[in-house]
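Undergrad: model the structure of this input:
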Amino acid sequence: MTTFDIYETSVESSRPIELYEFAIGSTFYRFTSSEDIITVGSSIYLPESISRNALIQGNDQSNRNMIVNMPSSNDFAELYRSIPPGEKASLSIFRYQRDEVPAFDTQVLLFKGFVQSVRFPND
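TA: Below is the predicted model of the structure:
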């Protein structure tokens, strides 16, 4: 059995997958940076050209920022094109190792917070 920690610390064998879960009320939008559809439990994460910057730490835990980039045609991004949703959206980013056995046994929560703003710089 190969564990998450072995892959996570390996320069050669690490193949991380990040999962992005946006939630507005009881509606979830789930995406992965992987080229494959990823299923964890009963949740399905769709492949998307999605990326993030390094976590920007503020003076305290409540002052952390993460910038996430995705295509403006993404279903979640489209919600903000004209009138933003009435509810605040939350974002959770999880990290898994692709080759962990058993598969996706260990998750690391990289970020949990709320969507503060949305920009469409190229539109």
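Undergrad: low-confidence ranges in this protein?
TA: 1-14, 55-63, 99-105, 122-123 (pLDDT under 70).
Undergrad: wait, Leu79 sits on Thr27?
TA: No: counting by Cβ atoms under 8 Å, Leu79 stays clear of Thr27, with 9.5 Å between them. The C-beta positions use only the backbone N, C-alpha and C, and glycine is treated the same way.
Undergrad: with neighbour numbers in mind, choose between these two.
TA: Between Leu79 and Thr27, counted using other Cβ atoms under 10 Å, Leu79 has the larger neighbour count: 18 against 12.
Undergrad: once you drop chain neighbours, what's closest to the more buried one?
TA: Setting aside the residues directly before and after it, Leu79 is nearest to Pro85 in space (Cβ to Cβ, 6 or more residues apart in numbering), at 5.4 Å.
Undergrad: now for the one you found, how many residues are close by?
TA: Neighbourhood size, Pro85 [other Cβ under 10 Å]: 13.
Undergrad: got phi/psi on Asp75?
TA: For Asp75, the backbone dihedrals (degrees, to the nearest 10) come out as phi -60, psi -40.
Undergrad: chain neighbours aside, what residue packs nearest to it?
TA: That would be Tyr29: by Cβ to Cβ, 6+ apart, it lies 6.1 Å from Asp75.
Undergrad: thanks a lot, catch you later.
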